[in-house]
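*Asks:* give me coordinates for this.
(chains A and B)
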Number of protein chains: 2
Amino acid sequence: MSGILAKYAPYLPITAKTPSLTLHEGNTPLIFAPNLSEKLGLELYFKYEGLNPTGSFKDRGMVMAVAKAIEKGSKTIMCASTGNTSASAAAYAARANLNCFVLIPEGKIALGKLAQAIAYGAKIIEINGNFDDALSIVKDITAKEPITLVNSINPYRLEGQKTAAFEICDELQDAPDILAIPVGNAGNISAYWKGFTEYYENGQSAKLPQMYGFQAAGAAPIVRGEIVENPETLATAIRIGNPASWEKATNALQESNGLIDEVTDEQIVEAYQTLARSEGIFTEPASAASLAGIIKQRRSGQLETGKKVVCVLTGNGLKDPDTAIQYAKFKPAKVESSYDSVLKVLYAHAGEKNETV
Amino acid sequence: MSGILAKYAPYLPITAKTPSLTLHEGNTPLIFAPNLSEKLGLELYFKYEGLNPTGSFKDRGMVMAVAKAIEKGSKTIMCASTGNTSASAAAYAARANLNCFVLIPEGKIALGKLAQAIAYGAKIIEINGNFDDALSIVKDITAKEPITLVNSINPYRLEGQKTAAFEICDELQDAPDILAIPVGNAGNISAYWKGFTEYYENGQSAKLPQMYGFQAAGAAPIVRGEIVENPETLATAIRIGNPASWEKATNALQESNGLIDEVTDEQIVEAYQTLARSEGIFTEPASAASLAGIIKQRRSGQLETGKKVVCVLTGNGLKDPDTAIQYAKFKPAKVESSYDSVLKVLYAHAGEKNETV
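*Replies:* Reported below is the predicted structural model:
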């Protein structure tokens, strides 16, 4: 059984008419982190959603949304997106022989962010307006035309996304003590909580986790309790000033006795680099907000040692290689092409690290 | 049991002293391709190796090579590489707390190709020589110093790589009729054949597949029967003029009653785009050589219908997004920010495709 629709059918809004669509989304690694566990005094795991088919957690929700679109007879899906949502929508549309239209605001979009949507054959429409204008047009058109909206306000998206919580419980044979997750539009934290709750109520787990949500300091409306008009953070995937699932997220935090906190861009970059250099896991910058938050909680002493913590990593680092290069301040050692000159660099480096090669 | 060392231990050179290293490599999707199967008259599957932890099949061999390096007491690994090998080596070195040195030739390397190695904290050394000079220095240094070479001449690499054949047999409950694979250095085709043979000899599969290898026309030494001095192809991952595993590959082709053929860059690009647009699978350009070869064989009538074919897709399309944009000749539709002007584009596009939206 491949894909989340087949594997978790009893928990999903699947009928006899729902097509068995899949690109083998889900089944992503839950990676134990030996180095960071020791350093932080925790039993720390990463749910590496970057190994979904299009490189982000969005595939879980999209396969559900697109399957339901097919079920009701849609031949076209549509979204306003400049990143992961458009990639995922375009991939499932290609697979299912649907048209896919992606609306983007004019001007500021780096082409690289759209490479996947372009590769999968989506039709990109650039409007002379901002992102909110784009989303507004998508809502209006999909309300009146036989076209399905697949932005996160499509309720099937959260249904698919909750399956990540099931996978964590299946693998750990229970829920963890804490689920740490980046919060932007707040849909994913809401979906995980729904998943944990449903599994618990069905006796598939013995307990519920505490939900720890982390927003970027420049885009932290839930932390501050007010809309952020001009959200700013290098973690573009969570640069949201007015989350669509604000209320759902607040419920998840309260019901789970969890917490919401903010992390600075510096803390995000530190966590992003630590993840790659200490554990060999390369993520989108925004993904590292979960680890950044856990590090912050441990350093402040608010989070006690010994807890079993799962940090959600929402996207693959290959989505944004430029950030890796930029923050590493990379310069290769340049040497003569000879045994001795290379060996000298090797031992110099080992010396820096104060150890033998 | 996560990772190939744990899952396939009886088939691997593992001792009581081999550490249980893993980034959850392997367990990659074998994706049935409904649209292309119908179009080509085959039962066609893709083994999508781009969902390995660093985005390519190299992780299977690297985890084995690095585990054996640790077992013999190495604290440092080293390779000459400008792409997937360096990414994989750097990730496992980070995980295992080893030093990783990557030698690259001067000048021509796009920084983007090294983004992963940089992110994982490898030390990059640029020599004033070409790739062969770099590999030669790596060989010399690792022969004399307590440093492990992890280029493909490390024999443990092929041992790890053969596990992909096991996974295919496990999933299909037998070997396929044909295994189609891109051929560059010829290590991977040799590893798959070793895997299929070992499984067959152990009674885990009832038959052996025919091995179909495909080289890029500008880098086809095995097809031509002679070294190519200046190999040229856009499929950089298989741009090799003198394959390291030439003899092993030739044996695999003969023993399996297989074939080796070449595909042009145009055929590779066509297959690369078809994969994304028809099946929603985004790969490195070189990966598409396997599908390009199968399409060529079908068009020429040399491959009969009804066969069960697995095409190996070696790497993730996110490794090289520029190629996707370049070949799509992408231009967004630019319109006013209004319901009517967007709707006009939608219906115009549906008209082009000769169908209702």
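
*Asks:* up against chain B, what does the stretch 201-350 of chain A have?
*Replies:* Residues of the stretch 201-350 of chain A lying close to chain B (Cβ under 8 Å from any Cβ of the partner chain) are A:273, A:276-282, A:316-319, A:321-322, A:324-325, A:328, A:330, A:332-339, A:341-343, A:345-346, A:349-350. For every residue, glycine as well, the C-beta is placed using N, CA and C.

*Asks:* are any of those residues buried, and which?
*Replies:* Buried positions within those, assessed by neighbour count (16 or more other Cβ atoms under 10 Å in any protein chain shown), are A:273, A:276-282, A:316-319, A:321, A:324, A:328, A:332-333, A:335, A:337, A:341-343, A:345-346, A:349-350.

*Asks:* just these: which are in helices?
*Replies:* A:273, A:276-279, A:321, A:324, A:328, A:341-343, A:345-346, A:349-350 (DSSP state H).

*Asks:* quick check: domain ranges of chain A?
*Replies:* Chain A is divided into the following domains under the TED database: A:4-57+A:156-324, A:58-149.

*Asks:* of all those, which one is nearest residue B:198?
*Replies:* Closest approach to residue B:198 among the domains of chain A (Cβ to Cβ): domain A:4-57+A:156-324, 25.6 Å.

*Asks:* next one: the closest one to chain centre, how far?
*Replies:* Between the centre of domain A:4-57+A:156-324 and the centre of its host chain there is 7 Å, according to Cα atoms, centre = their mean, to the nearest Å.

*Asks:* rewinding a little: residue B:41: which of the ones in helices among the buried ones among the residues of the stretch 201-350 of chain A next to chain B is nearest?
*Replies:* Scanning these for proximity to residue B:41, where the rule is Cβ to Cβ, the winner is residue A:321, at 39.2 Å.

*Asks:* show me the contacts for the closest one.
*Replies:* B:112, B:115-116, B:119 (Cβ atoms under 8 Å, 6 or more residues apart in numbering or on different chains).

*Asks:* same question for residue A:258.
*Replies:* With Cβ under 8 Å, 6+ apart, residue A:258 has these contacts: A:178, A:210-213, A:252.

*Asks:* which of those count as buried?
*Replies:* A:178, A:210-213, A:252.

*Asks:* would a markdown table of those with pLDDT, secondary structure and distance to residue A:153 be doable?
*Replies:* Shown next, in a markdown table, are the buried ones among the contacts of residue A:258 (pLDDT from 0 to 100; DSSP: H, G, I helix; E, B strand; the rest coil; distance: Cβ to Cβ, whole Å):
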| residue | pLDDT | secondary structure | distance to residue A:153 |
| --- | --- | --- | --- |
| A:178 | 98 | strand | 28 |
| A:210 | 98 | strand | 27 |
| A:211 | 98 | strand | 21 |
| A:212 | 98 | strand | 25 |
| A:213 | 98 | strand | 20 |
| A:252 | 98 | helix | 18 |
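
*Asks:* that older thread, the domains of chain A: lowest mean pLDDT?
*Replies:* Among the domains of chain A, domain A:58-149 has the lowest mean pLDDT, at a mean of 94.

*Asks:* near the closest residue in space to residue A:97 that isn't next to it in sequence, how many other residues are there?
*Replies:* Distance criterion Cβ to Cβ, 6 or more residues apart in numbering or on different chains; nearest residue to residue A:97, sequence neighbours excluded, is residue B:35 at 7.0 Å. Number of residues near residue B:35 (other Cβ atoms under 10 Å in any protein chain shown) recorded here: 17.

*Asks:* can you pull out the strands in the stretch 201-350 of chain A?
*Replies:* A:210-216, A:259-263, A:308-313, A:333-335 (DSSP state E, counting those that start in this stretch).

*Asks:* in a markdown table: these, plus distance to residue B:169.
*Replies:* Output for these, formatted as a markdown table (distance: least, Cβ to Cβ, whole Å):
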| stretch | distance to residue B:169 |
| --- | --- |
| strand A:210-216 | 41 |
| strand A:259-263 | 46 |
| strand A:308-313 | 31 |
| strand A:333-335 | 45 |
